[in-house]
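Engineer: what would the 3D arrangement of this be:
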Amino acid sequence: MKYPIGIQSFEKMITEGYCYVDKTDLLYQLVKEGVIYFLSRPRRF
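Structural biologist: Sure thing, here's the model as predicted:
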């Protein structure tokens, strides 16, 4: 399993077999519920 570290192109990520997780459906559910969420990210992300 290859991770797309430093890859800037979605096309390259898909064609060269890098790992990709699509969480679009999860984001839709979060917005649809109408509840307030705090989404944080690691420092220097």
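Engineer: show me what the longest helix seen in the chain packs onto, helices and strands only.
Structural biologist: Secondary structure of the chain per DSSP state H: the longest helix is helix 24-33. Here helix 24-33 touches no other helix or strand, going by 3 or more CB pairs under 8 Å, 6 or more residues apart in numbering; DSSP states H and E. In this view, the C-beta of every residue, glycine as well, is placed from N, C-alpha and C.
Engineer: now tell me what touches that helix from outside.
Structural biologist: Applying CB atoms under 8 Å, 6 or more residues apart in numbering, the contact partners of helix 24-33 are residue 37.
Engineer: buried set for stretch 9-29?
Structural biologist: Across stretch 9-29, burial judged by 16 or more other CB atoms under 10 Å covers residue 13.
Engineer: surely residue 3 meets residue 20?
Structural biologist: No. Between residue 3 and residue 20 there is no contact under CB atoms under 8 Å: 9.6 Å.
Engineer: show the low-confidence segments of the protein, by residue range.
Structural biologist: Scanning the chain with the threshold set as pLDDT under 70 gives 45.
Engineer: that one: helices as residue ranges?
Structural biologist: With DSSP H, the ranges of helices along the chain come out as 10-15, 24-33.
Engineer: can you tell me which of those is nearest to residue 44?
Structural biologist: With distances scored as CB to CB, the stretch of those nearest to residue 44 is helix 10-15 (21.5 Å).
Engineer: may I have the closest one exported as PDB, CA atoms only?
Structural biologist: Extracted C-alpha coordinates of helix 10-15, given in PDB (Å, rounded to 0.1, in the frame of the first residue of the first chain):
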ATOM      1  CA  PHE A  10      -5.300  13.500  -8.000                       C
ATOM      2  CA  GLU A  11      -4.800  11.900 -11.400                       C
ATOM      3  CA  LYS A  12      -1.300  10.700 -10.500                       C
ATOM      4  CA  MET A  13      -2.500   9.400  -7.200                       C
ATOM      5  CA  ILE A  14      -5.100   7.200  -8.900                       C
ATOM      6  CA  THR A  15      -3.200   6.100 -11.900                       C
END
